[in-house]
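**Student:** Provided below for reference: sequence and predicted model.
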Amino acid sequence: MTQTVPGRHRAAAIARKVAGHVVRGLVMIWAVATISFVIIREIPGNPVLGQYESLIQKGMSPEQAERATAVLYGFLPTGSLWQQYVGYLGSLLHFDLGRSLSTPGVEVTTLIGHAARWTVLPVLAGTLLSFLLGVTMGVYAAIKRSGRLGDALALSGSLLHGVPVYVIGLLLTAIFATLWPIMPSGGPVDVEFVPGLNPGYIGSLVHHAVLPVVTYTLASYGGWILAMKSNVVAVLGDDFILAAELRGLRRGIVFRYLARNAILPLFTILALSIGMLFGGSIFIEQIFNYPGLGLLLVNSISSRDYALMGGTFLVITVGIVVANIVADLLYTVIDPRVRSGGAA
Amino acid sequence: MTVIVDPAGPPAAPPETTRATLRRNFWRGVWRVLRRKPSRMAGVVIVALFALMGVAGPLLYPAQLPRDDNALYAPPSLAHPFGTDFEGTDVLALVITGARYVLLTGLATAVITVALGTAIGLFAGFHRGRWDTVLMRLTDMNLAIPGLPLLLVLSTVWKFESPLEMGLVLGVLGWGGIARAVRSQTLSLRERGFIEAARGLGLPTRHIIGRELLPSMAPYIAMNMLIAVTGAVYAQVGLFFLGVLPFESNNWGVMLNLAVFNGGALTTPAALPYLMAPLIAILLLTLGIVLIVDAMDEIFNPRLREE
């Protein structure tokens, strides 16, 4: 696009789209924040008030105790529901998620920041790998759909798509860590290596990441191959493919025509897939004892660390919202039909 | 197929017989589809077996399963096909008696998901306009909300004691996909000739929705219901596996949790059969349902038939 006017139109359309997404994402985040606030307040035994009272019993003055509790949970332990709610939202606006109880004194945001990379990197790696693998295999499954190979590929897709992620994870661990122990059974890295840019540490990191990443990959591979196969089958019936074949174009070029048209609708699934993997990280990290956001959430619930629980839940939601926006933007940039800003 | 109309022939059969013939033809079609691929028959058999397990399983065993202190984590044998658990209880018995909770939750979830999703999708697609916009925004939210983290957080205030409670929560969280699909089907169906004809005849909306729209979507909805059963089974087994819910009764998720986090099934092979038994149960149930959905697809979607 060399002319400026369509370019500007396009930029405006994209900006409008992003704005809509951001507004919807904010509503979603607000809804999730409200849910966690209500739940933290409604937990049997009222942990917030309990904390306040135990601090007073330890000899703090009510004001001190009030302030100390507010630091933990992000809102005052006394006062009306409405005041507490406003206080909670107010501290969220300052990116203050309170402090952890199980790791005393540490801010929730710090803990989440440490955990996030153990989730985000494997999820991204898994998404990328499963996308590449699923799309390639999907094209094969479509072209050879009447043969045995195509049948087998489609079946592998349906099975993996249907099976819950923890079943994949548990089976992989049972096979590769228990029966035939070539892989570590858990943890992010071996403790004997000094963290840093040395080959031992990095090798151990990679070694420990293999099974989780493979699980992420297999968990979303099924969806990609099935979607790609049906898209390719649909495109194969189009006239332009026949025309390309009649013109005697090389197979590689026909293949490119095919792949480009069939791949487009997949970008709408990308957001769903990333969201699903974020949810699946809860199981995968639990199985592989991988210190990411999912494990943090489960541990915060079992150790009754409710500020940490609410914060992690919120951050996982934010991650999904951001992934949604990015996926939709990608789709907008790639598909010329959506780009024009029309309803698609 | 050609239909020869004989004007002087016998009068048209009364509607009862035509309906009976239709039904007979339908079942003959089902039988043909099942027979052509024996794997589909296997699907029906598997799901029937699981249903039997859910209904009769707990009756086969005493309320307190027998323990054997001399056979903790016993390897698979004739008496214990999947070995025993940490208390010496037969693992197969645990799987069979645990099926009821799992399947009941699945069923409850599927009914709620499908009822909510169909109602919302039909309403939005049929009336369009402002309601459609509002309902679809709600659906988008429902689809985008991270269900599993929300379930975990909810588990701190709600213990999901009965399978029906669990089904209710899973159903309320999971109707979005069906609502979206039913809406788009409704949008395309309502422009077809037969709906237009019904509207032109002045038939009430109730009739159009109940007698014209729903029947043409019924197979699709039924397939989604089966898929919803598997989704619910996964979700609740997963919740128990994570160990955030109290172990009120025995079920497959509890078994997974105890095998992995108490039995060390991921580090020692001794507890492996204990881990594998519920996994195999889940895989078999999935396989059965996938095969049935595949068969239904072919029965109701004539374009897929390769004859």
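**Tutor:** Here it is on my side, so go on.

**Student:** can we go C-alpha only for contacts and neighbour counts from here?
**Tutor:** Will do.

**Student:** so what does the top helix by length along chain B touch, helix or strand wise?
**Tutor:** Taking DSSP state H as the criterion, chain B has its longest helix at helix B:91-127. If you count contacts as 3 or more C-alpha pairs under 8 Å, 6 or more residues apart in numbering or on different chains; DSSP states H and E, helix B:91-127 packs onto helix B:38-60, helix B:129-144, helix B:163-173, helix B:176-189, helix B:214-242, helix B:252-257, helix B:272-300.

**Student:** Can you add mean pLDDT and distance to chain A and give the ones you listed back as JSON lines?
**Tutor:** Converted to JSON lines, these look like this (pLDDT from 0 to 100; distance: least, C-alpha to the nearest C-alpha, whole Å):
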{"stretch": "helix B:38-60", "mean pLDDT": "85", "distance to chain A": "13"}
{"stretch": "helix B:129-144", "mean pLDDT": "86", "distance to chain A": "7"}
{"stretch": "helix B:163-173", "mean pLDDT": "88", "distance to chain A": "13"}
{"stretch": "helix B:176-189", "mean pLDDT": "88", "distance to chain A": "11"}
{"stretch": "helix B:214-242", "mean pLDDT": "87", "distance to chain A": "6"}
{"stretch": "helix B:252-257", "mean pLDDT": "87", "distance to chain A": "9"}
{"stretch": "helix B:272-300", "mean pLDDT": "85", "distance to chain A": "6"}
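
**Student:** Mind checking the ones you listed for the one nearest to B:Val153?
**Tutor:** B:Val153 sits nearest to helix B:214-242 of all those, at 11.1 Å, using C-alpha to C-alpha.

**Student:** Find the residue closest to the most centrally placed residue in chain B in space, skipping its chain neighbours.
**Tutor:** The residue lying closest to the centre of chain B (C-alpha atoms, centre = their mean) is B:Val229, at 2.4 Å. Nearest residue to B:Val229 in three dimensions, chain neighbours excluded: B:Gly106, at 4.5 Å (C-alpha to C-alpha, 6 or more residues apart in numbering or on different chains).

**Student:** Neighbours of the one you found, how many?
**Tutor:** By other C-alpha atoms under 10 Å in any protein chain shown, the residues close to B:Gly106 number 29.

**Student:** Likewise for A:Gly196?
**Tutor:** When neighbours are counted by other C-alpha under 10 Å, A:Gly196 registers 9.

**Student:** How confident was the prediction at the spatially closest residue to it that is not a sequence neighbour?
**Tutor:** Nearest-residue entry for A:Gly196: A:Ile202, 7.9 Å, with adjacent residues in sequence omitted and distances by C-alpha to C-alpha, 6+ apart. Looking at A:Ile202, its pLDDT stands at 83.

**Student:** before we move on, back to that, in the longest helix of chain B, what counts as buried?
**Tutor:** Using 16 or more other C-alpha atoms under 10 Å in any protein chain shown as the test for burial, helix B:91-127 gives B:91-126.

**Student:** for stretch A:78-98, same thing?
**Tutor:** A:84-85, A:87-89, A:91-92, A:96-98.

**Student:** Contact partners for the most centrally placed residue in chain A?
**Tutor:** By C-alpha atoms, centre = their mean, chain A has its centre lying nearest to A:Phe278, at 3.0 Å. Applying C-alpha atoms under 8 Å, 6 or more residues apart in numbering or on different chains to A:Phe278 gives the contacts A:119, A:123, A:294, A:316, A:320.
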